[in-house]
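Enquirer: Provided below for reference: sequence and predicted model.
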Amino acid sequence: ELAGADAIRLSANEALRPVREGDLHDVRRVVRALELRLAPTPSLLKLALEIVTPEGLLLRDEVEEVIAPGEKGYFGVRPGHTPLMATLGLGELSYRKESTWHRLTCFSGWCEVLPDRVNVLADIGERGEDIDLGRAEQALKRAAERMKAIRDEAGYDEAHLAYVRAVTRLAVARKERGGA
């Protein structure tokens, strides 16, 4: 039997344990469980986003939302997301902080999603504002010429990969600078 304040204030563990037959008469436990499950907590209003490449830490920030290029397509993450591990493909990684979207390139790697954080281990990554537009445009021209020069399957995969990277870098740089 619970006494005093303990009669009203149940622990989170007790309140969140699975409901068993016969528990429904315990109104205090049911109400506490609902409070814990439905009340927004400060830790679940934001995500800790950390992006690491072989060169080191690329980004560590508190964000509201992340959209990442999964190997099979893009996926979005918001606070409270179900935990998962995903392989990353080639593309743009976007995150929203204080109503503003920011972008980075992300080329392969892993993404760990937890309810309160997203950890990215990218093979290659670059902030949009760090990309030199002139060099990115030249890389795109070279990659397009290389694609045109291919006459058979030899070298196609490497040329296509270079083209996708060049297009992605240029798109991320332009979007980060407010262009389309």
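Expert: All right, it came through fine.
Enquirer: hey, let's count contacts and neighbours off CA atoms from now on
Expert: Noted.
Enquirer: helices or strands up against the strand or helix carrying residue 171?
Expert: For residue 171, the host element (DSSP states H and E) is helix 156-176. Helix 156-176 is packed against strand 84-97, strand 100-114, helix 133-149, with contacts defined by 3 or more Cα pairs under 8 Å, 6 or more residues apart in numbering; DSSP states H and E.
Enquirer: could I get those as a markdown table with distance to residue 176, mean pLDDT and mean neighbour count?
Expert: Shown next, in a markdown table, are the helices and strands packed on helix 156-176 (distance: least, Cα to Cα, whole Å; pLDDT from 0 to 100; neighbours: other Cα atoms under 10 Å):
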| stretch | distance to residue 176 | mean pLDDT | mean neighbour count |
| --- | --- | --- | --- |
| strand 84-97 | 10 | 96 | 19 |
| strand 100-114 | 6 | 95 | 21 |
| helix 133-149 | 11 | 92 | 16 |
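Enquirer: nearest to residue 56, of the ones you listed?
Expert: Among those, strand 100-114 comes nearest to residue 56, with 13.9 Å by Cα to Cα.
Enquirer: next, the angle from that closest one to helix 156-176.
Expert: 130 degrees (axes from the mean of the first three to the mean of the last three Cα atoms, to 10 degrees).
Enquirer: distance from the chain centre to strand 100-114, please.
Expert: Counting by Cα atoms, centre = their mean, to the nearest Å, strand 100-114 is centred 5 Å from the centre of its parent chain.
Enquirer: do stretch 73-80 as well
Expert: Offset of stretch 73-80 from its chain centre (Cα atoms, centre = their mean): 6 Å.
Enquirer: try stretch 120-130
Expert: Chain-centre distance of stretch 120-130: 13 Å, with Cα atoms, centre = their mean.
Enquirer: now it: average pLDDT?
Expert: Stretch 120-130 shows a mean pLDDT of 95.
Enquirer: touching that stretch from outside, list them.
Expert: Contacting residues not belonging to stretch 120-130 are listed as 49-54, 58, 88, 102-112, 169, 172-177 [Cα atoms under 8 Å, 6 or more residues apart in numbering].
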